[in-house]
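> generate a structure from the sequence data that follows.
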Amino acid sequence: MSEIPLNKFEKQDLILRLLKEGKTYREICHIAHVSPRDIKPIAKEYERKKRLETNIRKEKKNQTKKPSISSQAFILFKEGKQIDEAKVLLDIPFKFTVRYWRQYLKSIRMFEAFEFYEENSYDMPTLLSIANFIKRNNVDGKDIVNVLRAANDVINLNQTTLNLNGEIEKLHRTRNNYSLNQNTNYQPLLPLGLPKYYYE
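Numbering: from 1, shown residues only. Got it, this is the predicted structure:
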């Protein structure tokens, strides 16, 4: 039984498949019953498409999205780099590095701690001493709040005491001046608001 001859399109598909398999022109001529002249245009088109696909793959590889500066900064901070190190590595102004640092801290819920440190950096030794005292003595945070309120009350009481002592001293001076003037038979006008015993 003789083989049914392939039409033009079937021959093209066969030649293309054999080219993809890496067959030589001689092998393709023998298998597909074609001349090298029939293979050449198909091989040329096949090579062109192959080059095009390779270039597209290369472009896609080269076009792999590079992380933004802020993302690169986040990666550096996550690796434990300090603000000044990130500034140098990314070659960006310091103010931007600080901005990215703040955003990073917000993302890991540490921004409030950073703000607290910025506002209280000079008082940190004292605050750390208080923290160590709390840990050593297993003191509850609410108790510390009460202690601080009491301390504030003591400060206010001390100020009130100072103010009252000042007023008492002023009254003593006024009384002494009055007594001195009485001995010299000089009756000055008394200041308003003096206690009753000054008039006796």
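
> for the helix or strand containing residue 160, name the packing helices and strands.
Assigned by DSSP states H and E, residue 160 belongs to helix 141-183. With contacts taken as 3 or more CB pairs under 8 Å, 6 or more residues apart in numbering; DSSP states H and E, helix 141-183 sits against helix 124-136. All C-beta spots, glycine's among them, are computed from the backbone N, C-alpha and C.

> quick one: mean pLDDT over the helix it packs on.
Across helix 124-136, pLDDT averages out at 80.

> now do stretch 53-63
Model confidence over stretch 53-63, given as mean pLDDT, is 79.

> list the buried residues of it.
Of the residues in stretch 53-63, none count as buried by neighbour count, 16 or more other CB atoms under 10 Å.

> restricting to C-alpha, output that stretch in CSV.
Provided in CSV are the C-alpha atoms of stretch 53-63 (Å, rounded to 0.1, in the frame of the first residue of the first chain):
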residue,chain,number,x,y,z
GLU,A,53,11.6,34.4,21.2
THR,A,54,15.1,34.4,22.6
ASN,A,55,15.3,38.2,22.5
ILE,A,56,11.9,38.5,24.2
ARG,A,57,13.0,36.2,27.0
LYS,A,58,16.2,38.2,27.5
GLU,A,59,14.2,41.4,27.6
LYS,A,60,11.8,40.0,30.1
LYS,A,61,14.7,38.9,32.2
ASN,A,62,16.4,42.3,32.0
GLN,A,63,13.1,44.1,32.7
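
> what about that stretch, distance to the chain center?
Relative to its chain's centre, stretch 53-63 lies at 35 Å (CA atoms, centre = their mean, to the nearest Å).

> what's the answer for stretch 135-145, then?
With CA atoms, centre = their mean as the basis, stretch 135-145 stands 30 Å off its chain's centre.

> quote the end-to-end distance of that stretch.
Using CA to CA, to the nearest Å, one end of stretch 135-145 lies 15 Å from the other.

> tilt between the helix holding residue 160 and helix 124-136?
Inter-element angle recorded for helix 141-183 and helix 124-136: 120 degrees (by axes from the mean of the first three to the mean of the last three CA atoms, to 10 degrees).

> now helix 141-183: mean pLDDT?
The predicted model assigns helix 141-183 a mean pLDDT of 78.

> next: stretch 93-113.
For stretch 93-113, mean pLDDT rounds to 83.

> let's see the helix or strand harbouring residue 18 as CSV, backbone CA atoms only.
In this assignment (DSSP H and E), residue 18 forms part of helix 8-20. Extracted in CSV, the C-alpha atoms of helix 8-20 (Å, rounded to 0.1, in the frame of the first residue of the first chain):
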residue,chain,number,x,y,z
LYS,A,8,1.9,21.6,1.0
PHE,A,9,0.9,22.6,4.6
GLU,A,10,1.5,19.1,6.0
LYS,A,11,5.0,19.1,4.4
GLN,A,12,5.8,22.5,6.0
ASP,A,13,4.7,21.2,9.4
LEU,A,14,6.8,18.1,9.0
ILE,A,15,9.9,20.1,7.9
LEU,A,16,9.4,22.4,10.9
ARG,A,17,9.1,19.5,13.3
LEU,A,18,12.2,17.9,11.9
LEU,A,19,14.1,21.2,12.2
LYS,A,20,13.0,21.5,15.9
